[in-house]
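> Fold the following for me, if possible:
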Amino acid sequence: MLVVFLIVWVAGLVFGYGLLFDALADQVRPRPGFGAALYFAGTSLLTIGYGEFVPLTGAARFLALAAGASGFGTVAVVTAFLFSLFGAFSRREVFVILFGARAGAPPSGRHAVGVERSEFDTARERLRDAGFDVIDVATAPGRHLPRCAASMPRRSRR
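Numbers count the residues shown, from 1 in each chain. Predicted coordinates:
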């Protein structure tokens, strides 16, 4: 549903800017018809800008810049939303894992790799000493690895 909303949003922006470019058709060369004004609006909004149409006056140039800025703004909002959505899914996974542990579900990661209980407890203690919980590392392994590895005691090589 969200993708449909985004498509409708961009189509509405293209249509709106197309109407404005059609109203300023005398200030654009070559003079666009309504379909060409929609095309010019779409290429301006998506910042493609092939150069087929050239705005001649300040108002038409400002409108072309506004369409490009709207395109950048739309891409920025969508990108920020995707990162927010990823964070929400990450928080959901933390809740699911914690809820499962509280409900008595076995720690499936430990069983999957065949780690002995003492090794798991040692790793848990090291992570806790480093300021992490096992659940944080389980949900985002790449994010915590450098800080976590730097705080663990090093074994000497011979």
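> Using the record, which stretches count as separate domains in this structure?
Under the assignment automatic domain parsing, the domains of the chain span 2-87, 106-158.
> which ones are touching Y50?
T43 (CB atoms under 8 Å, 6 or more residues apart in numbering). Quick note: C-beta positions are derived from backbone N, CA and C, even for glycine.
> quick one: which of the domains of the chain has the weakest pLDDT on average?
Confidence, taken as mean pLDDT, is least for domain 106-158 of the domains of the chain (a mean of 54).
> Let's verify I48: helix, strand, or coil?
Classification of I48 using DSSP: H, G, I helix; E, B strand; the rest coil returns coil.
> Distance of it relative to G71?
With distances taken as CB to CB, to the nearest Å, I48 is found 9 Å from G71.
> Over to T122?
53 Å.
> When those two are compared, which one has more neighbours?
Comparing T122 with G71 by other CB atoms under 10 Å, the one with more neighbours is G71, at 21 against 12.
> what about the more buried one, which helix or strand?
helix 58-102 (DSSP states H and E).
> What helices and strands are in contact with that helix?
helix 2-23, helix 34-45, strand 54-55, helix 134-139 (3 or more CB pairs under 8 Å, 6 or more residues apart in numbering; DSSP states H and E).
> how about the first one: buried residues?
So the one you mean is helix 2-23. Within helix 2-23, the residues that count as buried by 16 or more other CB atoms under 10 Å are V10, L13, V14, Y17, G18, L20, F21, D22.
> now for it, which elements pack on it?
Counting by 3+ CB pairs under 8 Å, 6+ apart, helix 2-23 packs on helix 34-45, helix 58-102.
> and it, C-alpha only, in CSV?
Extracted in CSV, the C-alpha atoms of helix 2-23 (Å, rounded to 0.1, in the frame of the first residue of the first chain):
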residue,chain,number,x,y,z
LEU,A,2,2.9,2.3,0.8
VAL,A,3,4.4,1.8,-2.7
VAL,A,4,1.1,2.7,-4.3
PHE,A,5,0.9,5.9,-2.1
LEU,A,6,4.4,6.8,-3.3
ILE,A,7,3.5,6.3,-6.9
VAL,A,8,0.4,8.3,-6.6
TRP,A,9,2.4,11.1,-4.8
VAL,A,10,5.0,11.3,-7.6
ALA,A,11,2.3,11.1,-10.3
GLY,A,12,0.5,14.0,-8.6
LEU,A,13,3.6,16.1,-8.5
VAL,A,14,4.3,15.4,-12.2
PHE,A,15,0.7,16.3,-13.1
GLY,A,16,0.8,19.5,-11.0
TYR,A,17,4.1,20.6,-12.4
GLY,A,18,2.9,19.7,-15.8
LEU,A,19,-0.1,22.0,-15.4
LEU,A,20,2.2,24.8,-14.3
PHE,A,21,4.6,24.2,-17.2
ASP,A,22,1.6,24.1,-19.6
ALA,A,23,0.5,27.5,-18.2
